[in-house]
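Asks: Here is my input, please return the structure:
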Amino acid sequence: MEKPASLDDTLALMRDLRKRCDWDASQTHDSLRPYLVEESLEMDDALRLGDDALVREELGDLLLQVLFHSVVAEERGAFDFHDVAAGLIAKMKARHPHLYGDGERESWERMKSKKRASLADGLPVSLPPLHRAHRLQDRAAGVGFDWPDSQGPSDKVAEELAEVRELLAVSKVRFSEHGAPVQDEAHAALEGELGDLLFACVNLCRKLGVHSSLALDKANAKFQRRFEEVERVAAERGLNMGDAGLEALDAIWDEVKRDRE
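Replies: Numbers count the residues shown, from 1 in each chain. Got it, this is the predicted structure:
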């Protein structure tokens, strides 16, 4: 029986590639950055599809990135893969003092807050806005700045929506002849209020144990699936989407929701 591959085998392969492959040997931490982002997104797509074979493949590609950076650092004399592993073990044990010591169980955000210089300390600059809002709220909640239940954030959503409606009632958002919004004070004020509304919605999701980015991703997929079905039905009936009008398209939309899902 063939011996199962191990992490040591993958590490040996990576070191060999750095010696014998021109492309691998030429890579640096900086040149590898785009691949790390791409591989992470491909892994996310695989998880979204629920395809085990694809998830396994993409996990391998992510592991390649970990090995690549570890070996590059090893060659520089900075650290090696074993240091990475030791750091991970130490961190996970520190996160669970009630399991690996005599400490009391404590939330990770509360533990981290004792080491942070500020609320956003350590959050990636390029973190997507919905995810960033969730993490900021998580961190604030970790030190006690949070509602006791979902009623508070639910009321906050209603409050922010009311403020948007009040602004629309007194302020006229203008559009150019090409349909683009005019970037004036009214538009800036509306953008600010809508931002507050979105932030409140993220907080309600968080409080209910739902990640807003995942919820929106699923809503996007559902809308796309339904709208593509509307397009298909319209084509079957000889309707031009651009000329059919809202009433006709809305009727097909309702039909799709009712009968085809």
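Asks: And stretch 210-219, how far out from the chain middle?
Replies: Distance of stretch 210-219 from the chain centroid (CA atoms, centre = their mean, to the nearest Å) equals 9 Å.
Asks: er, stretch 79-93 actually
Replies: With CA atoms, centre = their mean, you get 25 Å for stretch 79-93.
Asks: Which residues does it contact?
Replies: Stretch 79-93 is contacted from outside by 7, 11, 66-67, 70-71, 73-74, 99-101, using CB atoms under 8 Å, 6 or more residues apart in numbering. C-betas here are computed from N, CA, C, even on glycine.
Asks: Would you mind giving the residues you listed as JSON lines with secondary structure, pLDDT and neighbour count added?
Replies: As requested, the contacts of stretch 79-93 are exported to JSON lines (DSSP: H, G, I helix; E, B strand; the rest coil; pLDDT from 0 to 100; neighbours: other CB atoms under 10 Å):
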{"residue": "Leu7", "secondary structure": "helix", "pLDDT": "94", "neighbour count": "12"}
{"residue": "Leu11", "secondary structure": "helix", "pLDDT": "96", "neighbour count": "18"}
{"residue": "Val66", "secondary structure": "helix", "pLDDT": "97", "neighbour count": "17"}
{"residue": "Leu67", "secondary structure": "helix", "pLDDT": "97", "neighbour count": "21"}
{"residue": "Ser70", "secondary structure": "helix", "pLDDT": "98", "neighbour count": "21"}
{"residue": "Val71", "secondary structure": "helix", "pLDDT": "98", "neighbour count": "21"}
{"residue": "Ala73", "secondary structure": "helix", "pLDDT": "98", "neighbour count": "16"}
{"residue": "Glu74", "secondary structure": "helix", "pLDDT": "98", "neighbour count": "19"}
{"residue": "Leu99", "secondary structure": "coil", "pLDDT": "94", "neighbour count": "10"}
{"residue": "Tyr100", "secondary structure": "coil", "pLDDT": "94", "neighbour count": "13"}
{"residue": "Gly101", "secondary structure": "coil", "pLDDT": "89", "neighbour count": "10"}
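Asks: now, among those, which is nearest to Arg132?
Replies: Nearest to Arg132, judged by CB to CB, of these is Val66 at 24.1 Å.
Asks: Next, the nearest residue to that closest one once chain neighbours are set aside: secondary structure please.
Replies: Leaving aside its chain neighbours, Val66 sits nearest to Val84 (7.2 Å; criterion: CB to CB, 6 or more residues apart in numbering). The local conformation at Val84, judged by DSSP: H, G, I helix; E, B strand; the rest coil, is helix.
Asks: low pLDDT regions in this protein?
Replies: Low-confidence segments of the chain (pLDDT under 70): 260-261.
Asks: ok, the residue nearest to Asn240 when sequence neighbours are not counted to Gly242 distance?
Replies: Distances taken as CB to CB, 6+ apart place Ala234 nearest to Asn240, at 7.7 Å, with adjacent residues excluded. Distance of Ala234 to Gly242, given as CB to CB, to the nearest Å: 10 Å.
Asks: And for Gly122?
Replies: Separation of Gly122 from Gly242 (CB to CB) stands at 48 Å.
Asks: picking that back up, what is the nearest of the contacts of stretch 79-93 to Glu191?
Replies: Distance to Glu191 across the contacts of stretch 79-93 (CB to CB) is lowest for Val66, with 39.7 Å.
Asks: show me where the stretch 101-250 of the chain has helices.
Replies: For the stretch 101-250 of the chain, the helices defined by DSSP state H, counting those that start in this stretch occupy 108-113, 129-142, 151-170, 185-207, 212-236, 241-244, 246-259.
Asks: Quick one, which of the ones you listed gets closest to Val37.
Replies: Ranked by CB to CB, the member of the helices of the stretch 101-250 of the chain that lies closest to Val37 is helix 129-142, at 14.1 Å.
Asks: packing partners for that closest one?
Replies: Helix 129-142 sits against helix 108-113, helix 185-207, helix 212-236, with contacts defined as 3 or more CB pairs under 8 Å, 6 or more residues apart in numbering; DSSP states H and E.
Asks: and those helices as CSV, adding distance to Leu54?
Replies: Formatted as CSV, those follow (distance: least, CB to CB, whole Å):
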stretch, distance to Leu54
helix 108-113, 30
helix 185-207, 27
helix 212-236, 17
